[in-house]
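Participant: what follows is a protein structure lacking sequence information:
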């Protein structure tokens, strides 16, 4: 064999590899690490850790006790294994339960420039740009909130929007009344862990009759190594209040898995409406399934008052493993629960997500639209429960679950549970699974559309029903995210 | 650690002596299955397959094993006759073969049919594969019990390319006494064979019974099976069945199931489409009323190319009854060209009744068409209005529509006389 040819072909291969590497590097643009001086607790978990965590955060005694009680309960709980997840055991003693930037800013102006830069890179407006974007942001960096924007404007409207730590100190009576009232401390394994060690998160309180003047948003960022993020968010909308809340998340690229176990509680009183939108883009791991975030989240809304409404919209593209079921308890008569979801998995990602709609009140309504897209060797499951209790007179549910398969090695699954105890309730469920049809591809290709663009167009159409429900800026971001996440899925 | 005392049901089932067989492999299999049952006990509702069927009540009862008087129990043979079904019949009373009630004298060419008790006295080797199976999964309790102590049942074979014109009827009757009985069936259709089979559960009297049945049905290349199951057991019967169906290349099975009677009724139907172009069509209706609990667990696995399955199931629950349905479809990696469709529609007729349904899709191949749908609700208001506007009173309109709702699953049953009869049974079960 001619060595010249050999050389040149290996050079081409090398260049190709470099191109591929570059393309892959591009796929997760939020994968950088911020160099900043950190302080925190050493890895490990016992009652001492929890007392220390509580002390660092200057929490009142009742909060410490609440955490300890949750911790003691957690110790008695078995690790759940019912989802079809392929997961190595998690060593809870190897995780540091508190990490925070050393310099604690008093106001946004004092925020470390390195941090501001981080959020700037992520496209989150924390400073002057915030005014243009018109969205109030609470930025959570590892275990603490580093800044909340637009506080004055919100305060003028009577809206309380701050970090959870601050709320525990400033508004203990509200926190005490609602915290754990939707997701009790012993609800499930990860909720119990979160209740014991939660570090920070957002707190939103919209008083009676107030329409929140702007979109509220929290941006979660995991930065430090060997930490877990355990945020806790509580949103309370009093009678007739309206709020729309957005949540975004990213993390650096690392080879080891990191744990994110959040709890989100929503309370809607009479005629209140809460819209909660998530674009979840935690680091998904690389193309070989190394690294990535374990995203085990308990999200639940409680339509406590009559005529209230809670709407969950989520776009899930990140995380090595996602395990979450944003749910609505429809307690008030005529209350409405909605769930719109797009979950995309690629490479070795595993997503097990869905919702629960628990109908208790009369004439309650729920609607579920779930779109799953699986590519590579990933696995994507919808798991949902619709429950019509005895009192759910005239209640109504409609569920639609569609799955799209891209490639031969992935899996798409649907596990809907329907439990009906009221003869006047109506439950409907429909699901389909298919791949992008050759006809659709041929149509696009015949019109000169390159294969990747055609796929992304078709996927976009597939998800449209959900994107329509997102606030506009989020819809644009979600669309881009899908395109990037699908890169290399075809061909 | 102290082991809690076993539930009365478990204790009574473990008390039953293993039937002597004189066949080493069979004795071993029976012992191992009993040991597995002794170790695992009854599944609780945390076991996914038993989530909606609690065995707490049944677990507190105990049943004597088998019936020494099975040969002399009075059974009205004429009551077992079904329209459109005549000819070969095999009858079991309390789990034991009854030659006097059976018609086995003129077996058509290519059909071999005998009770398991007899088959084991001859060459048992062909049964070895089915009968030496070990059940190890969580929730396999009753299959373990059956594998350990069932000593009779059906052994049916159709030779390759034989077409059996007359339907073959299998009757499992329970009679009078409070006891537990078990039956183990092995059915095989050779290459290109064709058979129509009617399986009838017909216990009488109010004695509480526990019956377990395990059936293995093998369809070789190109075989065709039309299978009708009529379950109208008496109100005291707790009936727990498992059927495993294997479809080889181009095999076709059509199944019509009516679940009408019984106290706690559970049917696990597991079908595997293991040959290319195999087809399975299931139709079924479950109509629990009173305090009945009827649970159907359908699991269909597509494992080969271009396989097709369609499943249409209807449920109607009345009074304080509970209907449970799971319809799981798995398309295994490489099973390209699979086409799977499942629907389960349910009517709730009473404020104390409950329906729990769970259609599932698990897809690991991409050249696939799969869809499922499930509904729970009431009769269509517009249809009711249509009928009423034509002068039909509300109650009658409801009855008409409910009957039509149930009967839909019988539409493609080719045996017209049987279809009419079954349809009459459905209507009779509806509230008036």
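Facilitator: In hand now; what should we look at? The structure presented is a predicted model; accordingly, all values stated were derived computationally and were not measured. Residues are numbered from 1 along each chain as shown, chains lettered A, B, ... in the order given.

Participant: pretty sure residue B:368 contacts residue A:433?
Facilitator: Yes. Counting by Cβ atoms under 8 Å, residue B:368 does reach residue A:433; the two are 6.3 Å apart. Any C-beta I mention is one placed from the backbone N, CA and C, and that applies to glycine too.

Participant: give me the more crowded residue out of the two.
Facilitator: More crowded of residue B:368 and residue A:433, by other Cβ atoms under 10 Å in any protein chain shown: residue A:433, with 28 against 23.

Participant: ok, back up a step: now list whatever residues contact both of residue B:368 and residue A:433.
Facilitator: Taking Cβ atoms under 8 Å, 6 or more residues apart in numbering or on different chains as the contact rule, residue B:368 and residue A:433 both touch residue A:405.

Participant: can you give me the mean pLDDT across whichever strand or helix holds residue B:374?
Facilitator: Using DSSP states H and E, residue B:374 sits in strand B:368-377. For strand B:368-377, mean pLDDT rounds to 93.

Participant: the helix or strand following it - what's its average pLDDT?
Facilitator: For strand B:368-377, the following helix or strand on the C-terminal side (DSSP H and E) is helix B:381-389. Averaged across helix B:381-389, the pLDDT comes to 94.

Participant: got the contact list for residue 379?
Facilitator: I'll assume chain A. A:84, A:86, A:345, A:349, A:350, A:351, A:410, A:411, A:412, A:413.

Participant: meant chain B actually
Facilitator: B:347, B:398, B:401, B:402, B:405.

Participant: close to chain B: what parts of the stretch 51-200 of chain A are there?
Facilitator: Within reach of chain B by Cβ under 8 Å from any Cβ of the partner chain, the stretch 51-200 of chain A has these residues: residue A:82.

Participant: contacting residues for the closest residue to chain B within the stretch 51-200 of chain A?
Facilitator: The minimum distance from the stretch 51-200 of chain A to chain B, using Cβ to the nearest Cβ, falls at residue A:82 (7.2 Å). Listed by Cβ under 8 Å, 6+ apart, the contact set of residue A:82 reads residue B:48.

Participant: name the SS class of it, please.
Facilitator: coil (DSSP: H, G, I helix; E, B strand; the rest coil).

Participant: for the stretch 1-150 of chain A, which spans come out with low pLDDT?
Facilitator: A:1-27, A:84, A:103-136, A:143-147 (pLDDT under 70).

Participant: helices of that one, start to end?
Facilitator: Listed in chain order, the helices of the stretch 1-150 of chain A (DSSP state H, counting those that start in this stretch) span A:3-27, A:47-56, A:61-75, A:113-121, A:128-133.

Participant: follow-up on the earlier one: packing partners for the strand holding residue B:374?
Facilitator: Here strand B:368-377 touches strand A:411-420, strand A:426-435, strand B:322-331, strand B:338-348, strand B:354-363, going by 3 or more Cβ pairs under 8 Å, 6 or more residues apart in numbering or on different chains; DSSP states H and E.

Participant: what about residue B:400, which helix or strand?
Facilitator: helix B:394-407.

Participant: just want the angle from whichever helix or strand comes after that helix to helix B:394-407.
Facilitator: Under the assignment DSSP H and E, the closest C-terminal helix or strand after helix B:394-407 is helix B:416-429. Inter-element angle recorded for helix B:416-429 and helix B:394-407: 140 degrees (by axes from the mean of the first three to the mean of the last three Cα atoms, to 10 degrees).

Participant: for helix B:416-429, which positions count as buried?
Facilitator: Residues of helix B:416-429 classed as buried: B:418, B:419, B:422, B:423, B:426, B:427, B:429 (neighbour count, 16 or more other Cβ atoms under 10 Å in any protein chain shown).

Participant: and if you look at stretch A:217-225?
Facilitator: A:217, A:218, A:219, A:220, A:221, A:222, A:223, A:224.

Participant: for burial, what's the neighbour tally of residue A:403?
Facilitator: So residue A:403, with other Cβ under 10 Å, has 28 neighbours.

Participant: any idea how far the residue nearest to it when sequence neighbours are not counted lies from residue A:296?
Facilitator: Spatial nearest neighbour of residue A:403, chain neighbours left out: residue A:412 (3.7 Å); criterion: Cβ to Cβ, 6 or more residues apart in numbering or on different chains. According to Cβ to Cβ, to the nearest Å, residue A:412 and residue A:296 sit 21 Å apart.

Participant: up against chain A, what does chain B have?
Facilitator: B:48, B:52, B:333, B:346, B:348-351, B:353-378.

Participant: quick check: PyMOL command selecting the buried ones in the residues you listed.
Facilitator: To isolate the buried members of the residues of chain B next to chain A in PyMOL, using 16+ other Cβ under 10 Å:
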select buried, chain B and resi 52+346+348+349+353+354+355+356+357+358+359+360+361+362+363+364+365+366+367+368+369+370+371+372+373+374+375+376+377+378
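
Participant: what mean pLDDT does stretch A:407-425 get?
Facilitator: 93.

Participant: before we move on, what about stretch A:354-368?
Facilitator: 97.

Participant: now the end-to-end length of that stretch.
Facilitator: Stretch A:354-368 stretches 9 Å from its first residue to its last (Cα to Cα, to the nearest Å).

Participant: what about that stretch and chain B, any contact?
Facilitator: No. Counting by Cβ under 8 Å from any Cβ, chain B is not contacted by stretch A:354-368; separation bottoms out at 11.8 Å.

Participant: now do that stretch: distance to the chain's middle.
Facilitator: 21 Å (Cα atoms, centre = their mean, to the nearest Å).

Participant: okay, now residue 195: neighbour count?
Facilitator: In the absence of a named chain, chain A is used. 26.

Participant: let's do chain B instead
Facilitator: Once other Cβ under 10 Å is used to define contacts, residue B:195 is seen to have 25 neighbours.

Participant: low-confidence regions, the stretch 201-350 of chain B specifically.
Facilitator: In the stretch 201-350 of chain B, no residues with pLDDT under 70.

Participant: dump the contacts of residue B:379 to TSV, plus neighbour count.
Facilitator: Formatted as TSV, these follow (neighbours: other Cβ atoms under 10 Å in any protein chain shown):
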residue	neighbour count
B:347	23
B:398	20
B:401	17
B:402	21
B:405	21
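
Participant: what's the nearest residue to residue B:415 once chain neighbours are set aside in contact with, if anything?
Facilitator: Once flanking residues are discounted, residue B:415 sits nearest to residue B:84: 4.6 Å by Cβ to Cβ, 6+ apart. Contact analysis of residue B:84 by Cβ under 8 Å, 6+ apart lists B:167, B:415, B:416, B:417, B:418, B:419, B:421.

Participant: again, only this time at 10 Å
Facilitator: B:167, B:196, B:198, B:228, B:413-422 (Cβ atoms under 10 Å, 6 or more residues apart in numbering or on different chains).

Participant: now do residue A:183
Facilitator: Neighbours of residue A:183 in contact, by Cβ under 10 Å, 6+ apart: A:191-192, A:194-195, A:232, A:234, A:263-266, A:298-300, A:302, A:327.
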